[in-house]
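Trainee: the sequence isn't on hand, but the structure is:
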């Protein structure tokens, strides 16, 4: 096959041929149903990488190299556990990286997650794609207004469809009318330290529901292969065993506390609790719609499982 034919095949796959237009679809998703997360790349042995970087700061010239091979299985576990619990240099957690395909969350949830530092994102664009097939995601609390929302969404899509077909506007210009609830898709790659920090913030139930759902689904994907790593992916409040929402950062009450805390942990009495806006996410609703079990603070198992042990046992 020549280059021109191969390029045409690629463009067909990417839907970038001039004649390509996806079929019209106006579906509305409620809550966190049908959000999909799949881990598509992961390290060969994340525990060996974490151990090796942590252990590199110790030892004489004679015994410095190949410490993993010279260390017992239980010794390896001790070092990795110290790293995961924040008792070593934190950069050792930057050694393993993971890549995920994520579909179905809203554009607004994507924007929240995309602020994560030390991560690489390949996101579908409004600018470079026709979104005639775009779906909409609304929170469960808005379901009672579904009739009104359906009409508005159909009108919006009618206008968008007109602009990119009969109106001959390009996709970049037509995106101006698309809402933040538009369902989104992207590939996300990050190291474990960035992942742990992202989960600490975005798993908290005061966050937007599909932001929280995506974070917990990422944890589920890690858990399938590396349960020991997944055990340390949790809301920051579960580490401290108290509500941190009111004191997340300097002047938090002045600029950042816009919602009532979720109630997972008690709020320090010295902080004023917001009452004018309720918490965004229900743990019970996430469990039901995602069909996963979200652990309580005492449910985390901070020891390697049988699945993890094979990584600690290999040289």
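Mentor: Nice, I can see it. All values derive from a computational prediction rather than experimental measurement.

Trainee: surely residue 266 touches residue 243?
Mentor: Yes: with contacts counted by C-beta atoms under 8 Å, residue 266 reaches residue 243, the gap being 6.2 Å. To be clear about C-beta, it is placed using only N, CA and C from the backbone, and glycine gets the same treatment.

Trainee: so for those two, which sits in the more crowded spot?
Mentor: Of the pair residue 266 and residue 243, residue 243 is the one with more neighbours under other C-beta atoms under 10 Å, namely 21 against 10.

Trainee: in terms of helices and strands, where is the more buried one?
Mentor: Remark: residue 243 resides in no helix or strand, with elements defined by DSSP states H and E.

Trainee: and it, its phi and psi?
Mentor: The phi/psi pair for residue 243 (degrees, to the nearest 10) reads phi -70, psi 130.

Trainee: surely residue 186 and residue 110 touch.
Mentor: Yes: the pair residue 186 / residue 110 is scored as a contact, 6.3 Å apart, by C-beta under 8 Å.

Trainee: these two: who's more crowded?
Mentor: Neighbour count, other C-beta under 10 Å: between residue 186 and residue 110, residue 110 has more, with 23 against 17.

Trainee: so the more buried one, which state does it fall into?
Mentor: helix (DSSP: H, G, I helix; E, B strand; the rest coil).

Trainee: quick check: closest non-adjacent residue to it.
Mentor: residue 184 (4.4 Å; C-beta to C-beta, 6 or more residues apart in numbering).

Trainee: how many other residues sit next to the one you found?
Mentor: Around residue 184 there are 25 residues (other C-beta under 10 Å).

Trainee: overlap in contacts of residue 186 and residue 110?
Mentor: residue 123 (C-beta atoms under 8 Å, 6 or more residues apart in numbering).

Trainee: so residue 195 sits in a helix?
Mentor: Yes: counting by three-state DSSP, residue 195 is located in a helix.

Trainee: assign the residue nearest to residue 110 to helix, strand or coil.
Mentor: Three-state assignment for residue 184 (three-state DSSP): strand.

Trainee: which residues touch it?
Mentor: 103-107, 109-110, 123-124.

Trainee: again, only using 6 Å
Mentor: Contacts for residue 184 (C-beta atoms under 6 Å, 6 or more residues apart in numbering) come out as 105, 107, 110.

Trainee: could you do residue 99 as well?
Mentor: 40-41, 189.

Trainee: which of the residues you listed are buried?
Mentor: residue 189 (16 or more other C-beta atoms under 10 Å).

Trainee: chain center to the longest helix along the chain: distance?
Mentor: As assigned by DSSP state H, the longest helix anywhere in the chain is helix 146-164. Between the centre of helix 146-164 and the centre of its chain there are 29 Å (C-alpha atoms, centre = their mean, to the nearest Å).

Trainee: contacts for that helix?
Mentor: 26, 132, 136, 169, 174, 177.

Trainee: what does stretch 202-218 give?
Mentor: Contacts for stretch 202-218 (C-beta under 6 Å, 6+ apart): 32, 35, 37, 105-106, 109, 112, 139, 199, 235, 245, 259, 261-262, 279-281, 283, 286, 290.

Trainee: how about stretch 284-298?
Mentor: So stretch 284-298 is contacted by 31-33, 213, 220, 238, 283 (C-beta under 6 Å, 6+ apart).

Trainee: please spell out the PyMOL selection for the buried subset of these.
Mentor: Selection of buried members from those for PyMOL, criterion 16+ other C-beta under 10 Å:
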select buried, resi 31+32+213+220+238
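
Trainee: columns secondary structure, pLDDT and distance to residue 296 on top of the contacts of stretch 284-298, output as a markdown table?
Mentor: What follows is the contacts of stretch 284-298, written out as a markdown table (DSSP: H, G, I helix; E, B strand; the rest coil; pLDDT from 0 to 100; distance: C-beta to C-beta, whole Å):
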| residue | secondary structure | pLDDT | distance to residue 296 |
| --- | --- | --- | --- |
| 31 | coil | 96 | 21 |
| 32 | coil | 97 | 19 |
| 33 | coil | 95 | 23 |
| 213 | helix | 98 | 18 |
| 220 | helix | 98 | 16 |
| 238 | helix | 94 | 8 |
| 283 | helix | 93 | 9 |
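
Trainee: determine which two of the contacts of stretch 284-298 are furthest apart.
Mentor: 33 and 238 (25.3 Å; C-beta to C-beta).

Trainee: residue ranges with poor pLDDT in the protein?
Mentor: Applying pLDDT under 70 to the chain flags residues 1, 18-19, 246-258, 269-277, 279.

Trainee: quick check: phi and psi on the residue most central in space within it?
Mentor: Centroid-nearest residue in the chain: residue 215, 3.9 Å away (criterion: C-alpha atoms, centre = their mean). Note on residue 215: its backbone torsions stand at phi -60, psi -40 [degrees, to the nearest 10].

Trainee: residue 38: which element?
Mentor: strand 36-41.
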